[in-house]
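# Build me a model from this:
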Amino acid sequence: MNAVLYLLVALTWGSSFLFAKIGLDGLGPQQVATVRTVLGAVTLVVILLATRLRWPREPRVWGHLLVVSVFLNAVPSSLMAWAEQTVPSGLASIYNATTPIMTLAALAVLVPTEKLRGRQVVGIVVGIVGVLVLVGPWDVLGDPAVLASVPGQVALLGMTACYGIGLAYLRRVAVTSSYDPVTLATVQLTLAAGLLLAVAPVIATGPVQLDWRIVAAMAALGCVGTGLAYAWNTRLVQAWGAGRASTVTYLTPVVGVVLGVLVLGERVRWNEPVGGLVVLLGIALASGVLTGSRRPGRRGTRTLAG
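Sure thing, here's the model as predicted:
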């Protein structure tokens, strides 16, 4: 059963970039970010009510989760949607694989006990090289389409940097909570939805054109990719630990690139899969996979990541 959930999470998160790209056909980027977050929050609230789990009552828990919701949901979902106006969905999914590298760097800054080891520094440097290969600076000046996508690619790095900061903050202050992880994830998404709805009248304006394809894509992105996938990933973390569960990161770019090519007819430059492989090599080095020194993941470290 856990293996099936693992594949579902990989397929769901890998396809999220495709669904966001389709959603942009009829919605503005901030509208896509808001709709997906609200639908995800509603989905988890329904699950919370159905399972009769209780909401946290301590203001401190809500305060910590408000910070987490900003860095793991509200800001990165906005950056992702904005970036995909110019960046192919497959390339966006490859950039998402830099999240573990960003998390290691953020942990070293925000969590005093998490000092970077030599292999982790090497892994981060290799990951940076992978990002440079992804961008393909040799094509930037010669291809107007590549040049136009550079701001979006920078935004995607901002997205994964937010994920890294959010996960590091979560590791520092929130993982010791006694509440069920699904409860914490529900609060996190609900707060993110509230933040995005609060600013929607100002930054989520613009015409809306809906058809069945866009509605289906947003339902899948919100209810499944931003809602149910949280619950599935939480169960995996509880069963396998955060370290093993987080290896889903290796599969999501494959899913994203394949769907982008097959469904949207996106063109893949040679340096994009090569850069993605270099990034994954950096992750493997930093996590100790290649040296056999990987430490077991602490349960709960990534229960709220999505």
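# Spell out the residue ranges of the strands in the stretch 201-306 of the chain.
Along the stretch 201-306 of the chain, counting by DSSP state E, counting those that start in this stretch, no stretch forms strands.
# any weak-confidence spans in the stretch 151-300 of the chain?
Low-confidence segments of the stretch 151-300 of the chain (pLDDT under 70): 172-177, 238, 241-246, 289-300.
# what's near enough to touch residue 272?
By CB atoms under 8 Å, 6 or more residues apart in numbering, the contact set of residue 272 is 90-91, 94, 134, 136, 257. (Glycine included, C-beta is placed from N, CA and C.)
# again, 10 Å this time
Applying CB atoms under 10 Å, 6 or more residues apart in numbering, we find residue 272 in contact with 88, 90-91, 94-95, 133-136, 253, 257, 266.
# for the residues you listed, which one is nearest residue 153?
The shortest approach to residue 153 among those belongs to residue 135, at 5.9 Å (CB to CB).
# Give me the neighbour count for the closest one.
For residue 135, the number of neighbouring residues by other CB atoms under 10 Å comes to 20.
# ok, now which ones touch it?
91, 95, 146, 149-150, 153-154, 157, 271-272, 275.
# now these: which count as buried?
Among these, the ones that count as buried by 16 or more other CB atoms under 10 Å are 91, 95, 146, 149, 153, 157, 271-272, 275.
# Just the residues you listed: which are in helices?
Judged by DSSP state H, helices contain the following of the buried ones among the contacts of residue 135: 91, 95, 146, 149, 153, 157, 271-272, 275.
# Residue 122 reaches residue 282, doesn't it?
Yes. Assessed by CB atoms under 10 Å, residue 122 is found in contact with residue 282 at 8.1 Å.
# hang on, the earlier thing: which one of the contacts of residue 272 is nearest residue 205?
Distances from residue 205 to the contacts of residue 272, taken by CB to CB, are shortest for residue 88, at 26.2 Å.
# Next, count neighbours for the residue nearest to residue 254 when sequence neighbours are not counted.
Of all residues not flanking residue 254 in the chain, residue 14 sits nearest, at 6.9 Å (CB to CB, 6 or more residues apart in numbering). Neighbourhood size, residue 14 [other CB under 10 Å]: 25.
# Show me which residues of whatever helix or strand residue 14 lives in are buried.
Following DSSP states H and E, one finds residue 14 within helix 2-23. Within helix 2-23, the residues scored as buried using 16+ other CB under 10 Å are 5-6, 8-23.
# about what we covered before: higher neighbour count, residue 122 and residue 282?
residue 282 (26 against 14).
# surely the more buried one meets residue 130?
Yes. Between residue 282 and residue 130 a contact is recorded at 5.8 Å, counting by CB under 10 Å.
# between these two, what contacts are shared?
Taking CB under 10 Å, 6+ apart as the contact rule, residue 282 and residue 130 both touch 97-98, 101.
# ok, of these, which one's closest to residue 117?
Distances from residue 117 to those, taken by CB to CB, are shortest for residue 101, at 14.2 Å.
# what's the most distant pair in the contacts of residue 272?
Taking CB to CB, no two of the contacts of residue 272 sit farther apart than 133 and 266, at 18.2 Å.
# if we can go back for a sec, of the shared contacts of residue 282 and residue 130, keep whichever come out buried.
For the shared contacts of residue 282 and residue 130, buried by 16+ other CB under 10 Å: 97-98, 101.
# For the chain, list the residue farthest from the centre, please.
Centroid-distance maximum for the chain: residue 142 at 31.0 Å, with CA atoms, centre = their mean.
# check contacts around it.
The neighbours of residue 142, taking CB under 10 Å, 6+ apart as the test, are residue 136.
# and if you look at residue 148?
For residue 148, the contact set (CB under 10 Å, 6+ apart) comprises 85-87, 140.
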